[in-house]
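Novice: here's my sequence, what's the structure:
(2 chains, ligands or ions: 2)
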Amino acid sequence: MGKDVLIDMRHITKRFPGVVANDQVTFKVQAGEVHALLGENGAGKSTLMSILSGLYRPDEGEIVIRGKRVTLKSPRSAIDHGIGMIHQHFKLITPFTVAENIALGSLDQSFKLDMKKIEQKVAEFSQKFGLHVDPQAKIWQLSIGEQQRVEIIKVLYQGADILILDEPTAVLTPQEVEELFVTVRKMAKEGKAVVIITHKLHEVMNISDRITILRKGKTIRTVAKGEVDTQELTQMMLNREVKTEIHRKPVPKGKAVLTLDKVSALGDKGLKALDDVSLTVREGEILGIAGVAGNGQRELTEVITGLRMATSGKVLIDDQDMTNQSPRMIIDAGVSHVPEDRMGMGLIPNMDVTNNIILKDYRRGSLGKGLLLPLNKAREMAENIVRNFDVKTPSVDTPVRLLSGGNLQKLLLAREIAENPRLIVTSYPIRGLDVGATESIYNLLLHQREQGRAILLIAEDLDTIMKISDRVAVLFKGKVMGLEDTDQATIDDVGAMMLGESPLEGREA
Amino acid sequence: MKNNERTRKNIIIEKRASVSPIITISITLISIVMALIFVSVFLFAKGYHPVEIYQMMFTRAFISKYGLTETVIKAIPLMLAGLGISIAFRMLLWNIGAEGQIYMGAFAASGIALAFPDLPRIVLLPAMLLAGFVMGGLWALVAAIPRALWKVNETITTLMLNYIAILWVSYLVFGPWKDPQGFNFPLTREFSEGAAYPLLFGTRVHFGIIIALLVALVLYVVLNYTRWGYEIRVIGESESAARYAGMNVMRNILLVMFLSGGLAGMAGMGEVAGVAHRLQAGVSPGYGYTAIIVAWLGKLNPWVIVLIAFLFGGLTVGASAVQSVGLPAATSVMIQGAILFFVLGADIFMRYRISFNRKREEG
Ligand SMILES: Nc1ncnc2c1ncn2[C@@H]1O[C@H](COP(=O)(O)OP(=O)(O)OP(=O)(O)O)[C@@H](O)[C@H]1O
Ligand SMILES: [Mg+2]
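Specialist: Numbering: from 1, shown residues only, chains lettered A, B, ... in the order given. Ligands and ions are numbered 1, 2, ... in the order given. Down below sits the predicted model:
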């Protein structure tokens, strides 16, 4: 195990209009280690890593790499020093193939694509680090986990030996996380250094060798994993205790708000993604959808919200037939939707907070009246939502692409809840949220439930689902494997169903 | 471990994180100056003093009353077509067909003027304007419908439709609509009094300028302060977010293209009603193409488009002045081309950082 310090960031300060994202931060990474970077939403983790990967320049401080002081002018110069970053939001070009994307990341003078060489390298990496992916596949055909592998291969291909992974596990299934960790361990063994950002403490305890905690832009401490437990980590991160106790009060269930009757639909690749799905969600009820990602969850939410055609079956909302109605009709029927793809669908990264808040409300309520769009009312509305839901943003005129990952998430959820919907369809609502924010989102959803709203919750994390849903349904290959009350089912039952075992077989085994 | 290190020169292209408006404006200005310098090399090679030539152009276009009048007259179609093109740009629809839409607008307006010569002006002119608008819009729809339904690339279809429109007007003025008393020139009859735009300020500047400015004002308000304008902005940024929010993307593609073509059609109407008073083969000497440059330079602000249209009108007029010293009128086309070239080039510098460096490579 090499103990040589690869990276030494000293007294790094980075200011953005209205915030000091990094304040005299010190951060060291050794060869062969997995180093976790921990902190609340907006603590400055991504900013620090963007500085290290040449995306931002620090206002103050110095960066020493392998003992030499360097100036990182661009991601390219970071790569030249062996530093590669995989961002929270992928930067792949979706109509292109894996090999082409890798080639794009490393244009050299010849401008010729040496596909042979790339495919050879991809094969080599996949063998060495367990990064399996088909170089010929188009990006849009890949699952999120596979896309992430492409991003990793891309930076490895560019010659990186210091890898920065910004919340890589947020979008992965538990299996994919395990695979990623295998890869990470193999890379560390090869002497590469891996910096990993995650909000999940059990992952931190699982994968990292050392941990650095940031709070409000400042370094709190760097500790070896053995020295701490998760409670101490939370304490350092938040400077307060968090009791993640969730009270699911009994709420009387009302009438059915959403009913799916034998709904089938095709996926993007033209294959059957939903197969005779039947479900009901009632007032005051949270129905959790468990399942390994890619088993029809996205298609399910899209069929309900009118973004995808059902090939057969019926979708009823409040007893009204809404099968294959326009998204607009369905929105007007009171259906809210927090989609999986926040930046591509739920939010418009280049528009400011106000314009994102009014995305659905611009034509109704107090904004829907009069010849002109009342911009000052829109602004007021945005300011209220930002305040009530504690979204951290310099102002409502800030483009949302500048918000931290967790705050984006809150903004989106806040917009969808603020509309007083009948039904909330939400995918992975706590993805990318820190411990405190997770708690407040849970409480928000539970509060909505107490108000009599129906909630369809898609999540990968079984603990979450079992804790806050009333019932759980498992999707496997587009079919509902079983529907159970969370009070009766055990995590093991549900886990088995996620792998395709029908509930009865699961019990017998 | 030993690495075979090779060094290689690399050209590196990276996206900038953000572009400040100051960078945008200064790079635009710099590229215009560069274009003028670039053209002056040619002028110099032909034995002219570039500064004198530019001065001459400027004086003609903006200082003399006659010149200024001409400049405004030429700016009118550029404004209308430029505004039209720019709203399509906003939704990332590349309407290259303004030239054809101008011709079709002129054709429809002329049809009305020739069919109902005796109508009073107050009825006839609005009818012509409406006909020009609708016809230009329909012509754009010919390309917009396949785009909305099957994603057929509108850049190519709008461009191809230009040739059809131009030839259609030629056919009319050489054939069925030719003025029998016109000594066989490819022209229609002259329009009646009622089909002529009133002239303003005792000059040749016609009422079209008022129409163009009104359109700019309306567009400015619509795009920035209305629900529909908001939809357009959202669709331009992200079609999937628009769909998610319940906006009808297909209908908006059709509407915007119709409006885009309609404004170009109004430009065509202005040319026959305000300048030529008849339909002729060369209704537009390429206004539709110049308007693309105007729209691009004006980016998305209607008032900037009005200003740039005025400058480009001046460029054309100025170029006619230098014919007296033996330079071709095409000088203006050359300058326009150079400006577009440099501005487009600068756009790359604005959005990307380009550097050369040596890269360590493991072999
Ligand atoms: N380009 C930018 N311009 C302005 N402010 C920014 C920019 N990038 C980040 N910020 C602000 O800096 C702070 C730190 O953001 P950062 O993205 O580093 O947080 P983070 O620790 O990664 O949070 P999360 O866990 O939510 O992803 C936030 O308040 C954010 O709004
Ligand atoms: Mg972050």
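Novice: so what pLDDT did the residue nearest in space to the middle of chain B get?
Specialist: The structure's chain B has its C-alpha centroid closest to B:Ala291; by CA atoms, centre = their mean the separation is 1.2 Å. pLDDT, the model's per-residue confidence, is 93 for B:Ala291.
Novice: pLDDT score assigned to the residue of the stretch 51-200 of chain B found nearest ligand 2?
Specialist: As assessed by CB to the ion, ligand 2 sits closest to B:Leu92 within the stretch 51-200 of chain B, at 29.2 Å. In this view, the C-beta of every residue, glycine as well, is placed from N, C-alpha and C. Note for B:Leu92: predicted pLDDT of 87.
Novice: ok, now which ones touch it?
Specialist: Residues touching B:Leu92, when contacts are defined by CB atoms under 8 Å, 6 or more residues apart in numbering or on different chains, comprise B:Gly236.
Novice: assign it to helix, strand or coil.
Specialist: On the three-state scheme (DSSP: H, G, I helix; E, B strand; the rest coil), B:Leu92 is labelled coil.
Novice: ok, how many other residues are close to whichever residue of the stretch 201-350 of chain B sits closest to chain A?
Specialist: Among all residues of the stretch 201-350 of chain B, B:Gly246 sits closest to chain A, at 3.3 Å; criterion: CB to the nearest CB. Other residues near B:Gly246 number 19, with proximity taken as other CB atoms under 10 Å in any protein chain shown.
Novice: tell me the residues of the stretch 201-350 of chain B that contact chain A?
Specialist: B:221, B:225-227, B:229-231, B:233-234, B:237-238, B:240-241, B:243-248 (CB under 8 Å from any CB of the partner chain).
Novice: show the contacting residues for residue 332.
Specialist: Defaulting to chain A. Residues near A:Asp332 by CB under 8 Å, 6+ apart: A:364, B:246.
Novice: you answered for a different chain; I wanted chain B.
Specialist: B:Ser332 makes contacts with B:315-316, B:318-320, as judged by CB under 8 Å, 6+ apart.
Novice: if we ignore the residues flanking it in sequence, what's nearest it?
Specialist: Spatial nearest neighbour of B:Ser332, excluding adjacent residues (CB to CB, 6 or more residues apart in numbering or on different chains): B:Ala319 at 3.2 Å.
Novice: before we move on, which element is the one you found in?
Specialist: helix B:302-321 (DSSP states H and E).
Novice: and the next helix or strand past that helix?
Specialist: Later in the chain than helix B:302-321, the nearest helix or strand by DSSP H and E is helix B:331-351.
Novice: buried stuff in that following helix?
Specialist: Taking 16 or more other CB atoms under 10 Å in any protein chain shown as the neighbour-count basis, helix B:331-351 is seen to contain the buried residues B:331-336, B:338-340, B:342-343, B:346-347, B:350.
Novice: stretch B:108-118 now?
Specialist: By neighbour count on 16+ other CB under 10 Å, the buried set for stretch B:108-118 is B:108-114.
Novice: cool, and stretch B:161-176?
Specialist: By neighbour count, with 16+ other CB under 10 Å as the criterion, the buried positions of stretch B:161-176 are B:161-162, B:165-166, B:169, B:172-173.
Novice: list of residues touching that stretch?
Specialist: B:96-97, B:99-101, B:103-104, B:106-107, B:139, B:142-143, B:186-188, B:279-281, B:283, B:288.
Novice: from the chain's centroid, how far away is that stretch?
Specialist: Using CA atoms, centre = their mean, to the nearest Å, we find the averaged C-alpha position of stretch B:161-176 to lie 21 Å away from the chain's own average C-alpha position.
Novice: give the rounded mean pLDDT of that stretch.
Specialist: Predicted confidence along stretch B:161-176 averages 92 (mean pLDDT).
Novice: so which strand or helix has the residue nearest to the centre of chain B?
Specialist: For B:Ala291, the host element (DSSP H and E) is helix B:287-297.
Novice: give the contact list for B:Tyr48.
Specialist: B:Tyr48 sits in contact with B:325, B:327, where contact means CB under 8 Å, 6+ apart.
Novice: and what about it, helix, strand or coil?
Specialist: Classification of B:Tyr48 by three-state DSSP places it in coil.
Novice: ok so, going back, check what pLDDT the residue nearest to B:Ser332 gets.
Specialist: 80.
Novice: do you know how far the nearest residue to A:Pro17 once chain neighbours are set aside is from ligand 2?
Specialist: Using CB to CB, 6+ apart and skipping the chain neighbours, the partner closest in space to A:Pro17 is A:Pro394 (5.7 Å). Between A:Pro394 and ligand 2 the distance is 16 Å, computed by CB to the ion, to the nearest Å.
Novice: A:Pro394 against A:Phe16, yeah?
Specialist: Yes. At 7.2 Å, A:Pro394 and A:Phe16 qualify as touching, with contact defined as CB atoms under 8 Å.
Novice: for A:Thr219, list the residues it contacts.
Specialist: A:Thr219 makes contacts with A:24-27, A:212-213, as judged by CB under 8 Å, 6+ apart.
Novice: with B:Glu237 instead?
Specialist: When contacts are counted by CB under 8 Å, 6+ apart, B:Glu237 is found next to A:348, A:350-351.
Novice: restrict those to contacts with chain B.
Specialist: Among those, the residues within reach of chain B (CB under 8 Å from any CB) are A:348, A:350-351.
Novice: re earlier: and the buried residues of stretch B:161-176 as CSV, adding distance to A:Leu457 and secondary structure?
Specialist: Written out in CSV, the entries for the buried residues of stretch B:161-176 read as follows (distance: CB to CB, whole Å; DSSP: H, G, I helix; E, B strand; the rest coil):
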residue, distance to A:Leu457, secondary structure
B:Leu161, 51, helix
B:Asn162, 54, helix
B:Ala165, 56, helix
B:Ile166, 60, helix
B:Val169, 62, helix
B:Leu172, 65, helix
B:Val173, 68, helix
